[in-house]
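Asker: Quick one: sequence plus predicted model below, questions after.
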Amino acid sequence: MSRKASDNVEYTLRSLSNLMGEKRRRQADGSAGSGAAAAAGERSLIAAESCSSLNSAASGGDLERAARRQFQQDETPGFVYVVSVFSALGGFLFGYDTGVVSGALLLLKRELNLDALWQELLVSSTVGAAALSALAGGVLNGLCGRRPCILLASGLFTAGAGVLAAARDKETLLGGRVVVGLGIGVASMTVPVYIAEVAPPHLRGRLVTINTLFITGGQFFASVVDGIFSYLAKDGWRYMLGLSAVPAVIQFFGFLFLPESPRWLIQKGQTQRARRILSQMRGNQAIDEEYDSIKNNIEEEEKEVGAAGPVICRMLTYPPTRRALIVGCGLQMFQQLSGINTVMYYSATILQMSGVEDDRLAIWLAALTAFINFIFTLVGVWLVERMGRRKLTLGSLTGTAVALLILASGFLLSAQVSPRITLNPSDPSRQNSTCTKYSYCNGCMLDPDCGLCYKLNKSSVVESSCVPVDKDSTMKAAWGRCSNETVFKKEGLFWAYNFCPTPYSWTALLGLILYLVFFAPGMGPMPWTVNSEIYPLWARSTGNACSSGVNWVFNVFVSLTFLHTAEYLTYYGAFFLYAGFAALGLVFIYGCLPETKGKKLEEIESLFENRLCTCGMSDSDEGRYIEYIRVKGSNYHLSDNDASDVE
Ligand SMILES: O[C@H]1[C@H](O)[C@@H](O)[C@H](O)[C@@H](O)[C@H]1O
């Protein structure tokens, strides 16, 4: 089954064009002349061959013109983009439905009187359901194909949005959130696979990364919708939760007209349909070679791995797929362990900590955070085919780890200069409260039931007291000086829930911004992109199901443990811990993640033939651009050093 890259030969004038461009650049440098002559003498590669088309274009000018003409004609048809964008609506819904709930909860908890447990249930039920359905999605994808799974996901999104918008009680809401979660899980594992399978190799990274762009776009859009409808105290949450039906319906109807993945069809023996769809996706480009390569690959796979036993067992017993699975799941695990969702969730507090007093402003600034995540994912779309997956992921995770250290240091410095509590007012209802036991703001801040009421003298905190927070709104105290928002603000009092006002708060803000700038282009999208390409066809659905499942399981794990981790290790401890995970992830990625840029899906398996985690050793080869050119049945392997041979 293993195919050496050199077996997958490609006759490509585009490569010639690239090589000639390189040659021209060298000539312009004035240094190419002698080198070119020597190299040409050594291997008069192309000229010596009897390829009539090349011979007829013997002069460099003709050849170049022919290459350019071919290059211009080889344009990717718009259809591939249409298909990718329609599929990526699944990513948008994933982002929207995971992002919108925080704003909806602010309104819901008042209207339906939700306690902490119910709020927690409404958030984690979706993520938990997504974990389960991502795992089940593997079987569905293998049996029914990618298209029915995308249709199923959009159906679930639509149904879930309808139930949520019309819900009369919390139980119905819970049901709706579970249905939406089932849709998210199926979409999160199917969409990247589908896009990777229809995209041409040179655009695959970019098109799959667009799916993550849609995820972060969905999160941004959700935060804007939350901001807008937060002004509508009654039923605002119905609009927030119901709006996702719009893109879901668009995707559903769009996909009724869009095709199945040609690779899946070939695997199922529906070769005529597969050929038709493949040529639709490739426009004027010849598809024979790609078609044969996919077909041969499937046949070889069947011969070598056999079809007996569950796919996951076959994957685990066959070393290349076992290694790919470890890399894919490892990437997803480290994505979540670097704390993205905690940082996003916590952004409003970090912003408040840095001096944003107004609650509404904090909501809008949280939308700004989501916007930074979105815009820098766009940078990733731009970079992925330039830098390649490996360098982009390594660079991104290094920056993420440094940003986490800055974020943690911000919290650490703030904790060290944590204001002292100087006033201890007694509860008028004489109820016992834990809040009075804290002598410093730091302890008060970590207790979810308490907040700090204080005044400012220049920039120092004075007359501070730790008092219970109002059960309905974390923006004010349950009783005392800070219990009436309009009055206490007029009197020059401030209320801090979840944070302590200190002169170092800006460090945390800097850490937050740097975190998003570095995380979003690489660690955000690459785990999804890489997973969509590293498994051979027979293992692709199962591989993606497992790795998406790992992503969701760690997502739940990190979100559920954050508050406890912060309680035991304090905030800075929690962020130092994430920085530690990011550092471990760096070692893992440096050692184990091979470069998949520009390779055909069928070639990628050969990257996992060597022992696991030996990629770091071959880093020096990475920059070399390798082209395989078939000239009348012969295979030539040209490194960039051979560019001069072409003319
Ligand atoms: O790739 C995405 C993206 O980075 C999102 O912002 C994040 O919320 C998801 O958990 C992650 O899987």
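Answerer: On my side now, so go ahead.
Asker: per-residue confidence for the closest residue to Ile326 other than its chain neighbours?
Answerer: Leaving aside its chain neighbours, Ile326 sits nearest to Leu612 (6.4 Å; criterion: CB to CB, 6 or more residues apart in numbering). No exception for glycine: its C-beta is placed from N, CA and C like everyone else's. The predicted structure scores Leu612 at 73 on the pLDDT scale.
Asker: repeat for Asn641
Answerer: Asn641 carries a pLDDT score of 33 in this model.
Asker: Numbering from 36 from now on, please.
Answerer: That works, and once the first residue is 36, the last one we named lands at Asn676.
Asker: can you give me the mean pLDDT across the strand or helix carrying Leu595?
Answerer: In the assignment (DSSP states H and E), Leu595 maps to helix 572-627. For helix 572-627, mean pLDDT is 91.
Asker: Next secondary structure after that helix?
Answerer: Immediately after helix 572-627, counting by DSSP H and E, sits helix 636-639.
Asker: Does anything pack onto that following helix? Which helices or strands?
Answerer: Secondary-structure packing of helix 636-639 (3 or more CB pairs under 8 Å, 6 or more residues apart in numbering; DSSP states H and E): helix 323-340.
Asker: Okay, angle between the helix it packs on and helix 572-627 too, please.
Answerer: Our comparison of helix 323-340 with helix 572-627, counting by axes from the mean of the first three to the mean of the last three CA atoms, to 10 degrees, yields an angle of 90 degrees.
Asker: Which positions in helix 323-340 come out as buried?
Answerer: Within helix 323-340, the residues that qualify as buried are 324-326, 328-330, 332-333, 336, 340, counting by 16 or more other CB atoms under 10 Å.
Asker: Quick one: the helices in the stretch 236-385 of the chain, in order.
Answerer: Under the criterion DSSP state H, counting those that start in this stretch, the stretch 236-385 of the chain carries helices at the ranges 236-264, 271-277, 280-292, 297-302, 306-317, 323-340, 346-352, 354-372, 375-388.
Asker: Export those as CSV, with columns for mean pLDDT.
Answerer: What follows is the helices of the stretch 236-385 of the chain, written out as CSV (pLDDT from 0 to 100):
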stretch, mean pLDDT
helix 236-264, 93
helix 271-277, 94
helix 280-292, 96
helix 297-302, 93
helix 306-317, 91
helix 323-340, 82
helix 346-352, 90
helix 354-372, 96
helix 375-388, 77
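Asker: For the ones you listed, could you give me JSON lines that also reports distance to Thr404?
Answerer: Compiled in JSON lines, the helices of the stretch 236-385 of the chain are given as follows (distance: least, CB to CB, whole Å):
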{"stretch": "helix 236-264", "distance to Thr404": "8"}
{"stretch": "helix 271-277", "distance to Thr404": "18"}
{"stretch": "helix 280-292", "distance to Thr404": "22"}
{"stretch": "helix 297-302", "distance to Thr404": "38"}
{"stretch": "helix 306-317", "distance to Thr404": "37"}
{"stretch": "helix 323-340", "distance to Thr404": "42"}
{"stretch": "helix 346-352", "distance to Thr404": "38"}
{"stretch": "helix 354-372", "distance to Thr404": "18"}
{"stretch": "helix 375-388", "distance to Thr404": "4"}
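Asker: Can you name the residues of the stretch 486-635 of the chain that neighbour the ligand?
Answerer: Proximity of the stretch 486-635 of the chain to the ligand is assessed by CB under 6 Å from any ligand atom, with 559-560, 586, 590 identified as the residues in range.
Asker: try 8 Å this time
Answerer: Within the stretch 486-635 of the chain, the positions lying close to the ligand (CB under 8 Å from any ligand atom) are 554-555, 558-560, 562-563, 586, 590.
Asker: burial count for the residue in the chain that the ligand sits nearest to?
Answerer: Distance from the ligand to each residue of the chain (CB to the nearest ligand atom) is smallest for Gly559, at 3.3 Å. Neighbourhood size, Gly559 [other CB atoms under 10 Å]: 27.
Asker: and if you look at Ala200?
Answerer: Here the count is done by other CB under 10 Å, and Ala200 has 18 residues near it.
Asker: contacting residues for it?
Answerer: With contacts defined as CB atoms under 8 Å, 6 or more residues apart in numbering, Ala200 is in contact with 273-274, 276-277, 280.
Asker: can you do 10 Å?
Answerer: Applying CB atoms under 10 Å, 6 or more residues apart in numbering to Ala200 gives the contacts 211, 270, 272-280.
Asker: how distant is whichever helix or strand it is part of from the center of its chain?
Answerer: Following DSSP H and E, one finds Ala200 within helix 181-201. Helix 181-201 sits 21 Å away from the centroid of its parent chain (CA atoms, centre = their mean, to the nearest Å).
Asker: could you give the angle of it to helix 280-292?
Answerer: Using the same axes, to 10 degrees, one finds that helix 181-201 and helix 280-292 are set 160 degrees apart in direction.
Asker: How far off centre is whichever helix or strand comes after helix 181-201?
Answerer: Towards the C-terminus, the helix or strand next in line after helix 181-201, according to DSSP H and E, is helix 205-233. Averaged C-alpha coordinates place helix 205-233 at 15 Å from its chain's average position (CA atoms, centre = their mean).
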